[in-house]
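A.B. asks: structure for the following, please:
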Amino acid sequence: MVAKRLGLLHDLAPKSVAIAALFDPGAPGADFHMEEAAKAGQTLGRQVLILKVTDEREFPATFATMVQQSAGGLLIGSGPYFLSRRRQLAALAARYVLPSCAPLRSYAEAGVLMSYGSSQADAYRRAGIYAGRILKGATPANMPVELASKIDLVINMATAKALGLNIPVNLLTLADELIE
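C.D. replies: Numbering: from 1, shown residues only. From the prediction side, this is the model:
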């Protein structure tokens, strides 16, 4: 899904020199996601600035680097560290006028421009179904593993307005939800 998020940012800022991709190297799957971002950038013909942050004290210098490198957008990686600092990341992206995309709806609710990722509500519903089956006597080892089947695109229109962005019609029609 990193490639899709990068593609969404590319659609928003097609003429920008680069897109910044911010990752917590300690997050699960970070190496895989960084590699996926680099490959997606090559496919799109865009420079992707892979930036690693492990401490919020690094945020100001990292965002300054994004601006110096002419980043036209910000891809926010997944993981609990960034999730717990989503409001701070949203504020910094707004301060530096960077359209941003993150993996969960809660980021868009916090002020990040958009989120694209598996629906947490659907995941919770499916977990409830699994728990119900177990409570009715099903053996967990015999139950199939299910991948996320519902993906949500959420766009924060207040953030778009604050950034002075006109969201392309194709993105608006793809959006599952627009936050006003």
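A.B. asks: contacts, neighbours, all on C-alpha from now
C.D. replies: OK.
A.B. asks: quick check: A90 touching V112?
C.D. replies: Yes. Between A90 and V112 there is a contact at 4.7 Å, judged by Cα atoms under 8 Å.
A.B. asks: quick check: neighbours shared by the two?
C.D. replies: Common neighbours of A90 and V112, using Cα atoms under 8 Å, 6 or more residues apart in numbering, are S100.
A.B. asks: give me the more crowded residue out of the two.
C.D. replies: Taking neighbours as other Cα atoms under 10 Å, A90 and V112 compare with V112 leading, 33 against 24.
A.B. asks: what is the three-state secondary structure of that one?
C.D. replies: Using DSSP: H, G, I helix; E, B strand; the rest coil, the structure places V112 in coil.
A.B. asks: what residue in this structure is the furthest from its centre?
C.D. replies: Residue farthest from the centre of the chain, counting by Cα atoms, centre = their mean, is G137 at 37.8 Å.
A.B. asks: could I get the pLDDT score of the residue most central in space within the chain?
C.D. replies: Most central in the chain under Cα atoms, centre = their mean is A102, positioned 1.6 Å from the mean C-alpha point. The confidence metric pLDDT takes the value 96 at A102.
A.B. asks: alright, I will stop here.
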